[in-house]
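> for reference, the sequence and a predicted model appear below.
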Amino acid sequence: MAARSTVKRSFIRGKRYLKDQWDTLLWILASFGVLYLFEVASNILFNPLVKRGWQAVSFISLVIGAVCVYKIAKRSPRLKLTDWDSTWTPTIGFIGGVMGTISFIVSMWPVWQYWTLFIVAVLFMGFISIVSLI
């Protein structure tokens with residue numbers, strides 16, 4: 001009898017978790033919808049209107065930001081951090097992320113104009129929602 005009530009409680013807890021996460025699922029669906037409707041991947045790769053120099057800057061900046069976030073999230077609990085690491089790693093990651101986002105907006109502006117801001121915002125929220133589920 002005790003095992004049955006434990007299973008029932010965990011099932012109810014799982015249902016509550018899904019009810020609390022409906023906005024996360026909506027952001028993920030919205031980001032996939034934006035990817036599909038605006039053909040983001042094909043525009044990034046093949047559209048001649050894209051400013052390739054700004055696109056390269058955005059990808060390099062986003063990689064720098066991702067490396068810093070990885071260092072903070074995964075490696076810092078295992079490594080002994082120095083003063084430089086604890087002060088400058090989050091700052092470099094933040095600056096890399098902001099610089100990457102701004103340069104991506106500049107590179108894709110000729111393709112989507114004002115829709116670029118909407119697309120980047122929805123994709124960012126979808127990314128954050130996926131990360132929060134992991």
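Good, I have the coordinates.
> element containing the closest residue to residue 106 other than its chain neighbours, please.
Nearest residue to residue 106, sequence neighbours excluded (CB to CB, 6 or more residues apart in numbering): residue 54, at 4.7 Å. For every residue, glycine as well, the C-beta is placed using N, CA and C. Using DSSP states H and E, residue 54 falls within helix 52-70.
> buried residues, that helix. List them.
In terms of neighbour count (16 or more other CB atoms under 10 Å), helix 52-70 has its buried residues at 54-55, 57-58, 61-62, 64-65, 68-69.
> and that helix, what does it pack onto?
Applying 3 or more CB pairs under 8 Å, 6 or more residues apart in numbering; DSSP states H and E, we find helix 52-70 packed against helix 83-112.
> other SSEs contacting the helix it packs on?
helix 40-46, helix 52-70, helix 115-133.
> contacts for the shortest one, please.
Among residues not part of helix 40-46, those counted as contacts by CB atoms under 8 Å, 6 or more residues apart in numbering are 34-35, 50, 55, 108, 111-112, 119, 123.
> quick check: the farthest pair among these?
Comparing every pair within the contacts of helix 40-46 by CB to CB identifies 34 and 55 as the most remote, at 18.3 Å.
> ok, residue 75 to residue 69 distance?
Distance from residue 75 to residue 69, counting by CB to CB, to the nearest Å: 10 Å.
> ugh, wrong one, I meant residue 49
Using CB to CB, we find residue 49 at a distance of 31 Å from residue 69.
> rewinding a little: return the distance of the helix holding residue 54 from the chain's centre.
13 Å (CA atoms, centre = their mean, to the nearest Å).
> contacts for that helix?
The contact list for helix 52-70, computed with CB under 8 Å, 6+ apart, reads 44, 89-90, 92-97, 99-104, 106-108.
> got the angle between it and helix 83-112?
With axes from the mean of the first three to the mean of the last three CA atoms, to 10 degrees as the basis, helix 52-70 and helix 83-112 are set at 140 degrees to each other.
> averaged pLDDT, helix 52-70. What do you get?
Averaged across helix 52-70, pLDDT comes to 91.
> any weak-confidence spans in this structure?
Counting by pLDDT under 70, the ranges of the chain that qualify are 1-19, 76-77, 79, 81-86.
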